[in-house]
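Visitor: dropping a prediction and its sequence here:
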Amino acid sequence: MSRKCLFLVLTLVLVLFAAGAALADNVSDPVKISMELSNNKFSGPGPVTVSVTLSNVGDGDLPGPITLYYPSGKKVEEFGSPTLAVGSSKNWKGTWNVTQKELDNGKLTFSCKYSVYNEAGELVNKVKYFSKKITFAGADPVIEVKRTVVPSMATKGQEVTVTYEVSNTGTVDVTNVTIKENASISTKSGTISKVAVGETEKYVFTTTMAGKDLTSAATISYKAGGKTYNTKVETAKVKYGEVKLGATLAADKKGGAPGDTVKLTLTLKNSGTVDFSNVTVTDEALGTVFSKEKVAAGKTVTLTKEITITETVDLLFTVSAEDETGGKVETATGRVNLICMDPTQQVMLTLEASADRNVVYKIPGTVRFTIRVQNDSAVEVKNVTVKAVDTTIYTIDSLAAGAGRTFARDMDISMAGTFQFTATCKDALGQTQNFTSNPVQVSYAPPTPVPTEAPLVTPPAPPMETMPAAQQEPEWLGTAERIAEAAKWPLAGVGAVLLLLLLIGAVRRGRSRSQSKRAMDHLDGAVYRDYSAAPRGGRRSVITDITDEKDGTAPAAKETEGTAQNSELMAETLKRLYTDEKPAEAAPAAEDPEATVVDPVTEDPEATVTDQETKQIPAVKDEETAATESAPRRRSRKNKE
């Protein structure tokens with residue numbers, strides 16, 4: 001007994017210790033995790049969309065990054081490694097392929113890793129696992145079938161439609177769906193190749209009311225997981241009766257590209273004797289189309305509505321109304337299928353028209369029109385017809401995508417106005433498409449009258465005058481011309497000789513000027529000149545300095561006395577320098593060699609001149625004239641210096 005009590009006490013202590021540790025762990029854990037799956041029922045391994053949110057609900061920021069891991073232990077790279085601040089959260093949404101092992105375990109487990117401070121203030125790493133339950137439902141399919149019969153009452157010849165909608169609400173795809181209807185509705189079975197999980201497919205039976213009620217009862221068979229399954233749809237009646245309210249639905253085109261508009265026309269005909277009011281028109285895809293309409297007895301009402309094509313759709317309008325007695329009447333239109341084409345298959349043509357003139361001056365008048373057809377679509381267009389009003393003027397068998405064709409036509413117009421052309425072709429749905437060109441304006445203007453020409457006036461002929469006879473040239477003129485021609489060359493020779501002599505004279509004058517300049521330079525360079533000395537080379541006298549060799553100065557008395565003779569002797573010296581002839585010898589002196597002769601320079605009777613020295617003093621004519629001509633020239637040179 002005591003052992004049992006001791007065991008119970010120990011067990012209670014361990015439980016309390018574990019609960020306290022868990023409570024402490026929960027209190028100190030700052031990370032809150034939420035996880036959602038797009039599907040928790042599986043018929044086998046497959047993908048699932050997982051959404052995970054990690055939030056920091058602690059008192060402070062996480063001290064380190066937090067990371068998310070797949071069930072396989074691989075890091076979720078898209079989640080990253082954020083550091084969550086207090087109160088912040090991080091979400092990740094992705095796909096995970098559920099394995100058979102996870103289906104057997106019945107749960108899908110993810111994990112996250114982050115850092116926290118423990119009670120001792122130490123930073124520790126923590127790994128937290130979190131899971132979501134999943135259910136393995138096996139391969140048993142689940143489908144839902146909805147049947148719609150319109151109208152519930154029909155007259156003879158009226159169209160009746162029976163629509164089946166098969167929805168797959170199971171976890172496995174359904175294939176080879178076969179719908180076998182009652183023979184009064186159809187003798188052929190309807191088939192649907194596949195209904196994927198979560199999808200809905202539709203099949204429609206169409207029949208015509210005969211003279212009795214119609215019965216709808218279908219058996220639907222399908223396959224899933226290699227097995228065949230069957231289900232039945234309960235019986236429904238379509239009553240035969242006379243309906244006084246008829247409804248017809250039509251569309252202006254079979255369909256178009258996304259964004260194109262289609263005009264729907266609903267025609268309501270009251271063939272009865274009472275009015276129908278509160279007429280309501282509905283459609284499964286469009287909802288309520290018209291409401292609160294009224295159709296009087298024996299009248300027809302036409303209602304129109306434009307819709308935009310976004311997808312391929314079957315339109316079936318259901319019409320309900322009330323008669324005057326409060327009775328309800330229901331009918332339906334036939335089914336209209338609108339096809340949404342691939343935008344790349346849409347046909348687009350452009351027409352450009354021009355005329356060679358915009359004014360004609362007579363009716364009918366001829367105008368040349370030039371038309372270009374451009375294919376702006378992405379597909380080839382065939383059998384394009386270009387018309388002017390209702391007349392075909394050109395045909396194009398084939399026009400490639402992006403190509404164009406230009407042609408010209410001469411047309412006789414019967415009136416002025418605006419002219420347009422139309423190109424016609426068929427699109428991928430077999431519908432006729434029309435494309436119109438730009439308008440071309442051609443106006444009429446009456447022709448301008450031809451102006452009256454002024455009459456031509458012929459001027460009178462001028463009077464005839466006799467021209468005087470030409471006079472002959474005088475004979476002396478011809479003779480003078482012959483003489484001038486003969487004297488031309490002799491005169492030219494004489495002129496050449498004169499020109500040569502002129503050149504020779506100019507050269508000699510230049511040479512004389514050069515020699516004169518050198519003589520004057522030499523005369524001006526010495527202070528005293530000895531005109532009594534014999535010339536050297538027979539052309540020039542020796543000029544020496546006669547200063548006293550002892551003291552270097554000339555006697556003052558002799559310098560004064562010899563001034564008068566200096567000019568005469570200089571003139572004689574110049575004459576000797578520029579005269580080629582020898583100076584005339586002096587008259588023979590006295591035979592007595594000792595005869596006394598006065599020195600012409602010093603006029604000193606004491607000086608004696610020998611006979612030989614006397615011969616060296618030439619006689620000079622016009623000595624005063626030469627001296628007078630030389631003195632001004634010397635002064636001029638000194639002034640220049």
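Guide: Received the coordinates, thanks.
Visitor: who does the lengthiest strand in the chain touch, helix- and strand-wise?
Guide: Secondary structure of the chain read by DSSP state E shows that its longest strand is strand 227-240. Applying 3 or more Cβ pairs under 8 Å, 6 or more residues apart in numbering; DSSP states H and E, we find strand 227-240 packed against strand 143-150, strand 153-154, strand 214-224. No exception for glycine: its C-beta is placed from N, CA and C like everyone else's.
Visitor: deepest-packed of those strands, please.
Guide: strand 153-154 (a mean of 22; mean count of other Cβ atoms under 10 Å).
Visitor: off-centre distance for the helix or strand just after that strand?
Guide: Per DSSP states H and E, the first helix or strand lying C-terminal to strand 153-154 is strand 159-168. In terms of Cα atoms, centre = their mean, to the nearest Å, the centre of strand 159-168 is set 56 Å apart from its chain centre.
Visitor: partner strands of whichever helix or strand comes after strand 159-168, with direction?
Guide: Toward the C-terminus, strand 159-168 is succeeded by strand 174-180 as the next helix or strand (DSSP H and E). Partner strands for strand 174-180, per DSSP bridges, with pairing direction: strand 190-195 (antiparallel), strand 214-224 (antiparallel).
Visitor: flag every buried residue along strand 174-180.
Guide: By neighbour count on 16 or more other Cβ atoms under 10 Å, the buried set for strand 174-180 is 174, 177-180.
Visitor: for the residue lying closest to Glu36 once chain neighbours are set aside, what are its contacts?
Guide: Spatial nearest neighbour of Glu36, chain neighbours left out: Ser51 (4.5 Å); criterion: Cβ to Cβ, 6 or more residues apart in numbering. When contacts are counted by Cβ atoms under 8 Å, 6 or more residues apart in numbering, Ser51 touches 35-37, 91-93.
Visitor: in three-state terms, label Ser51 for me.
Guide: strand (DSSP: H, G, I helix; E, B strand; the rest coil).
Visitor: repeat that for Met411.
Guide: strand.
Visitor: could you check the pLDDT of it?
Guide: On the pLDDT scale, Met411 is placed at 90.
Visitor: kindly report the same for the one 10 residues further on.
Guide: Among the per-residue scores, Phe421 shows a pLDDT of 95.
Visitor: tell me the centre residue of the chain?
Guide: Gly402 (21.3 Å; Cα atoms, centre = their mean).
Visitor: sorry, back to before: so which of the buried residues of strand 174-180 is the closest to Ser516?
Guide: Among the buried residues of strand 174-180, Val174 lies closest to Ser516 (Cβ to Cβ), at 145.9 Å.
Visitor: farthest pair within the buried residues of strand 174-180?
Guide: Longest span within these, Cβ to Cβ: Val174 and Lys180, 16.3 Å.
Visitor: pull out the buried residues from stretch 101-114.
Guide: Neighbour-count burial for stretch 101-114 [16+ other Cβ under 10 Å]: 102-103, 108, 110-114.
Visitor: okay if I get the residues you listed as TSV plus pLDDT?
Guide: Listed next are these as TSV, based on pLDDT from 0 to 100:
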residue	pLDDT
Glu102	90
Leu103	86
Leu108	93
Phe110	95
Ser111	94
Cys112	94
Lys113	93
Tyr114	92
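Visitor: all helices of the stretch 401-550 of the chain, in order?
Guide: Here the stretch 401-550 of the chain has its helices, by DSSP state H, counting those that start in this stretch, at 475-524.
Visitor: partners of the residue nearest to Glu36 in the sheet?
Guide: Glu36, Lys93.
Visitor: for Leu108, see how far away it is.
Guide: 12 Å (Cβ to Cβ, to the nearest Å).
Visitor: over to Ile192?
Guide: 33 Å.
Visitor: ok, Thr191 next?
Guide: As judged by Cβ to Cβ, Thr191 and Leu108 stand 37 Å apart.
Visitor: got it, and Ala332?
Guide: 49 Å.
Visitor: could you do Ser514 as well?
Guide: On the measure of Cβ to Cβ, Ser514 and Leu108 end up 133 Å apart.
Visitor: ok, Ile413 next?
Guide: 82 Å.
Visitor: low-confidence ranges in the chain?
Guide: Residues of the chain that meet the criterion pLDDT under 70 lie in 1-28, 137-140, 450, 467-471, 519, 521-571, 573-641.
Visitor: hmm, back to that, what residues are up against the residue nearest to the centre of the chain?
Guide: Here Gly402 is in contact with 375-376 (criterion: Cβ under 8 Å, 6+ apart).
Visitor: how about it, phi and psi?
Guide: phi 80, psi 0 (degrees, to the nearest 10).
Visitor: please report how far it lies from Asn438.
Guide: 21 Å.
Visitor: Ser193 contacts Val174, correct?
Guide: No. Using Cβ atoms under 8 Å, Ser193 is not in contact with Val174; the gap is 10.1 Å.
Visitor: in the buried residues of stretch 101-114, find the pair that's most separated.
Guide: So, the buried residues of stretch 101-114 by Cβ to Cβ: farthest apart are Leu103 and Tyr114, at 29.5 Å.
Visitor: and the strands in the stretch 251-400 of the chain?
Guide: 255-256, 261-270, 276-283, 287-295, 300-308, 313-315, 318-322, 328-332, 336-340, 349-355, 359-360, 365-375, 381-388, 391-399 (DSSP state E, counting those that start in this stretch).
Visitor: give the pairing partners of the last one; include direction for each.
Guide: Neighbouring strands of strand 391-399 in its sheet, by DSSP bridges, are strand 381-388 (antiparallel).
Visitor: just the longest one next, same as before
Guide: Listed by DSSP bridges, the sheet partners of strand 365-375 and their directions read strand 349-355 (antiparallel), strand 404-413 (antiparallel).
Visitor: now do the first one
Guide: Paired strands of strand 255-256, with direction, are strand 336-340 (parallel) (DSSP bridges).
Visitor: for Thr175, give me its contacts.
Guide: Counting by Cβ under 8 Å, 6+ apart, Thr175 has contacts 193-195, 222-224.
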